[in-house]
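# Make a model of this:
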Amino acid sequence: MTARAADRARYDRATAHLDAPVAIVDLEAFDANADDLLRRAGGKPIRVASKSVRCRALLERVLARDGFAGILSFTLAESLWLARSGFDDVLLAYPSADRQAFAELTSDPKLAAAVSVMIDDPAQLRLIDDARRGGTEEVRVCLELDTSLKLLGGRVRVGARRSPLHSPEQVAEMARTVLRTPGFRLVGIMAYEGHVAGVGDAVAGRPVRSRAIRLMQATARSELGRRRAEVVRAVRAVAPDLDFVNGGGTGSVQYTAAEDAVTEIAAGSGLYQPRLFDNYTSFRGRPAALFAQPVVRRPGVGVVTVLGGGYPASGAAGPDRLPVPYLPEGLKYDPQEGPGEVQTPLLGSAADDLLIGDKVWFRHAKAGELCERFDALHLVEGDRVTATVPTYRGEGHTFL
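Next up is the predicted model:
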């Protein structure tokens, strides 16, 4: 029996009492992935990206481990909810225009002490001030650095379009703006290098593309390492008492941790190890989060149909954004149909061994987005479900 077949047997036994669709997290794999992130971080604390977990119980589990500290959140409403739930160090990774939430933040000393917000434009400071509605609490702010690699005088750009702050001079000027504005405190700098951390460098069947990605990433790491150090020096000359400089992502943990200017690493997807993180040469995680759909039809030889399963991930549309049939091995989508909202045909010789009601296990393309489809995660240890915990959705929260 292969290791994957053994996992399938365990998951089927563990969930025999549960009807599919169902989602699980294999705690042994989850903890092993956490260990690997810590090893690659080389002693620098890891701030957990809540977007990639979306389950309070699992955030609590990983943050209870030495080496993990703080949350990198994705909306201001989520940040306030987490702070009210007892998490005392929440950094919002994206700028917000949620005026109601800013009114709450600036009116509550506990929330204001626990939550830091992201800015990259003076207009965002003005929006926060306009939203205060009498709230007088000082707002902790973090500046986001644009990490994109610009070539040929800026005519070629590699990386996500995030912050407009690219140069040390731009970030330092934004820091001076914060210092001149009453009611705000500058606490940190964040730089997420998604073109390194979120792009696999070993694309199956694409050796030329893989070499090109590795060359791009090596160039990007070198350029960003120099520029990030210059940015931090420029900002510390203005505001010497920064609490943190955050960088990284699951795919670049060890590289970012090696930079002296960086004080903490951001990571989250590596805990679940979704399919997009299989294509890396620098690390190998264990699939920890899976979902199962039930077989509801057997249309013919070599074909079964499962209920639903059309759960595409965000980003540029393409096959790499689709869940992948994982267990049993050997199943694939019908290219004429793909994964559907209400039914998904699957092809392959493994289909002939499946009966009506059997489970087919899938891996999502991304990490936390799976939790937008399920109210609960069943936590598996060995061949037993040892706990069932709510996702954000299961607690009544869909923040985006």
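# can you pull the pLDDT of Leu400?
Leu400 is assigned 88 on the pLDDT scale.
# same check, this time on Glu193
86.
# From Thr250, how far out is it?
For Glu193, the distance to Thr250 (CB to CB, to the nearest Å) stands at 11 Å. Just so you know, the C-beta spots here come from the backbone N, C-alpha and C atoms, and that holds for glycine as well.
# Repeat that for Leu377.
Leu377 sits 19 Å away from Thr250, going by CB to CB.
# so how many other residues sit close to Glu28?
Look at Glu28: counted by other CB atoms under 10 Å, it has 13 neighbours.
# before we move on, what about Lys110?
Around Lys110 there are 11 residues (other CB under 10 Å).
# Nearest residue to it in space, ignoring adjacent ones along the chain?
Leaving aside its sequence neighbours, Lys110 sits nearest to Ala83 (CB to CB, 6 or more residues apart in numbering; 6.9 Å).
# From what I see, Arg176 and Val235 are in contact.
No. Taking contacts as CB atoms under 8 Å, Arg176 lies outside contact range of Val235: 9.4 Å.
# Tell me which of these two has more neighbours.
Applying other CB under 10 Å to Arg176 and Val235 shows that Val235 carries more neighbours, namely 24 against 13.
# which stretch of helix or strand covers that one?
Per DSSP states H and E: Val235 is located in helix 207-238.
# chain center to stretch 56-63: distance?
Stretch 56-63 sits 14 Å away from the centroid of its parent chain (CA atoms, centre = their mean, to the nearest Å).
# Shouldn't the residue nearest to Lys110 be within a helix?
Yes. Under DSSP: H, G, I helix; E, B strand; the rest coil, Ala83 sits within a helix.
# any idea how far Val262 is from Asn246?
Distance, Asn246 to Val262, using CB to CB: 7 Å.
# one step back: for the helix holding Val235, what is the average pLDDT?
In this model, helix 207-238 carries a mean pLDDT of 86.
# Would you mark the buried spots in that helix?
Buried residues in helix 207-238, counted by 16 or more other CB atoms under 10 Å: 210, 213, 216-217, 220-221, 223-225, 227-232, 234-236, 238.
# residues touching the residue nearest to Ala292 when sequence neighbours are not counted, list them.
Excluding its sequence neighbours, the residue lying closest to Ala292 (CB to CB, 6+ apart) is Lys359, at 4.0 Å. If you count contacts by CB atoms under 8 Å, 6 or more residues apart in numbering, Lys359 has them with Tyr11, Asp12, Thr15, Ala20, Val22, Ala292, Gln293, Pro294, Val295.
# now swap in Ser269 and tell me
Ala49, Ser52, Gly249, Thr250, Leu276, Phe277, Lys366, Ala367, Gly368.
# among those residues, which are in strands?
Ala49 (DSSP state E).
# which non-adjacent residue is nearest the residue most central in space within the chain?
The residue lying closest to the centre of the chain (CA atoms, centre = their mean) is Ser52, at 3.3 Å. Closest residue in space to Ser52, ignoring its immediate chain neighbours: Gly268 at 3.1 Å, by CB to CB, 6+ apart.
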